[in-house]
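Chemist: Only the shape, not the letters, is given here:
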């Protein structure tokens, strides 16, 4: 498996070259950035994608995730709605609700161990854009942090555009620009898929939650760059209040493909005394050909701990490797079928027995149906296979209802 992991970057490059040399169709079947060849910021106010949509992104969602409008024979061809309040009131409004029925079962069990409904996300988005160079974004999440506080703020930032190199600057609460912003936080290069027993996460932070800090970015002739300085694991109200989380991304976008590399480094300290340093590297690529889209990402990292409990300070290291690859097929506007392969090793520098106990493979098959604009149903079947034969194989399934505006 470790040998196959080293081959992944080569395969991604080779795949991109093959698709570039293949004959292209005049109109490809688009699905998000991989299908359209557009940057995520083409549809979202956030330069890294996600969150509230701009007017172009709203029209894309209204057309059930296609650039071309609905056919005149469709009942949705005359749908006339907008997410902007008015010309002299440039307030954009959005909603996002994900709700699912989730089940899992280990091979040794004779019946499902879990079967219940789960509210993943319930957000209200707002963006105020008094002119092209200033955007204010605010997201309110319905998740309860405790029985008293049932509503909390997520993204909340101000962004200035029009800087040199088609650049921008923003400050506030936002998601760090490391790697891909996936709508599935359980992929191997994000939180991972160990929710029910395997545990562990590739990233040292939860990619669903924003961090606090500043970010700058620019886009020029297909090249794009992002750099952020945020709190990371630190908090100014604790003894470890020393912000040192740094994120950088550099990539290139072409109508047929996009590639980018990222680095994340967070040095957690107690006052001036080092505690632990989280470092992550990532490389992703995405492309499309006719009705197919291909997405892949590889990541590596290291957690270095510092122990000052003895007169002789010691250090320890934990290394991580993870990657995933997926193929999406959209035969018609309202349908998408996805196959994904995830692999992760959360203690890759350990002796063989310990290393194998931290290695997991997951196979996923998903189907998506958009019966009406702004609503999607997703059915997912997943098979989690641990490397360690002493651990049990797990099967997962969920039915997700996604409503967004």
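Modeler: All right, it came through fine. All figures in this text were calculated on a predicted structure; none of them were measured in a lab.
Chemist: Find the least confident helix or strand in the chain, judged by mean pLDDT.
Modeler: Ranking every helix and strand in the chain by mean pLDDT, DSSP states H and E puts helix 2-21 at the bottom, with a mean of 36.
Chemist: Which SSE is immediately downstream of that helix?
Modeler: helix 32-36 (DSSP states H and E).
Chemist: For that following helix, which outside residues touch it?
Modeler: By Cβ atoms under 8 Å, 6 or more residues apart in numbering, the residues outside helix 32-36 that reach it are 28-30, 39-40, 42, 49, 65, 67, 258, 286-288, 293-295, 328, 330. To be clear about C-beta, it is placed using only N, CA and C from the backbone, and glycine gets the same treatment.
Chemist: Separate out the buried members of these.
Modeler: Taking 16 or more other Cβ atoms under 10 Å as the criterion, what is buried in the contacts of helix 32-36 is 28-30, 39-40, 49, 65, 67, 258, 286-288, 293-295, 328, 330.
Chemist: OK, contacts around residue 90?
Modeler: By Cβ under 8 Å, 6+ apart, the neighbours of residue 90 are 84, 128-130.
Chemist: can you map out the strands along the stretch 201-350 of the chain?
Modeler: Using DSSP state E, counting those that start in this stretch, the strands of the stretch 201-350 of the chain run over 211-220, 223-230, 245-254, 257-270, 273-289, 292-307, 314-329, 335-345.
Chemist: Now tabulate those in CSV and tack on distance to residue 118 and mean pLDDT.
Modeler: Shown next, in CSV, are the strands of the stretch 201-350 of the chain (distance: least, Cβ to Cβ, whole Å; pLDDT from 0 to 100):
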stretch, distance to residue 118, mean pLDDT
strand 211-220, 25, 96
strand 223-230, 29, 97
strand 245-254, 30, 96
strand 257-270, 28, 93
strand 273-289, 28, 93
strand 292-307, 25, 94
strand 314-329, 22, 94
strand 335-345, 20, 96
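Chemist: Those: which one's closest to residue 372?
Modeler: strand 335-345 (13.5 Å; Cβ to Cβ).
Chemist: Show me what secondary structure element comes after that closest one.
Modeler: Counting by DSSP H and E, the next helix or strand C-terminal to strand 335-345 is helix 352-357.
Chemist: I'd like to know which elements that following helix is packed against.
Modeler: Contact partners of helix 352-357 among helices and strands, from 3 or more Cβ pairs under 8 Å, 6 or more residues apart in numbering; DSSP states H and E: none.
Chemist: Any idea how far that helix is from the middle of the chain?
Modeler: 28 Å (Cα atoms, centre = their mean, to the nearest Å).
Chemist: Could you do stretch 43-62 as well?
Modeler: With Cα atoms, centre = their mean, you get 15 Å for stretch 43-62.
Chemist: first vs last residue of that stretch, how far apart are they?
Modeler: 12 Å (Cα to Cα, to the nearest Å).
Chemist: Next, the buried residues of that stretch.
Modeler: 43-54, 57-62.
Chemist: ditto for stretch 107-119
Modeler: Per 16+ other Cβ under 10 Å, stretch 107-119 contains no buried residues.
Chemist: Can you list the neighbours in contact with that stretch?
Modeler: Residues contacting stretch 107-119 (Cβ under 8 Å, 6+ apart): 98-106, 142-143, 196, 392-395.
Chemist: Keep only those of those that are in strands.
Modeler: When DSSP state E is applied, the contacts of stretch 107-119 are split such that 98-106, 394-395 fall in strands.
Chemist: Which entries within the residues you listed meet the buried criterion?
Modeler: For these, buried by 16+ other Cβ under 10 Å: 98, 100, 102, 104-105, 394.
Chemist: TSV for those, including pLDDT and distance to residue 72?
Modeler: Listed next are these as TSV, based on pLDDT from 0 to 100; distance: Cβ to Cβ, whole Å:
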residue	pLDDT	distance to residue 72
98	92	32
100	94	35
102	94	40
104	93	45
105	92	47
394	93	48
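Chemist: So which of the residues you listed is the closest to residue 385?
Modeler: For these, the nearest to residue 385 is residue 394 (8.3 Å; Cβ to Cβ).
Chemist: partner residues bridging the residue lying closest to that closest one once chain neighbours are set aside?
Modeler: In this structure, residue 394 finds its nearest non-sequential neighbour in residue 384, 4.3 Å apart by Cβ to Cβ, 6 or more residues apart in numbering. Here residue 384 sits in beta bridges with residue 362, residue 394, as judged by DSSP bridges.
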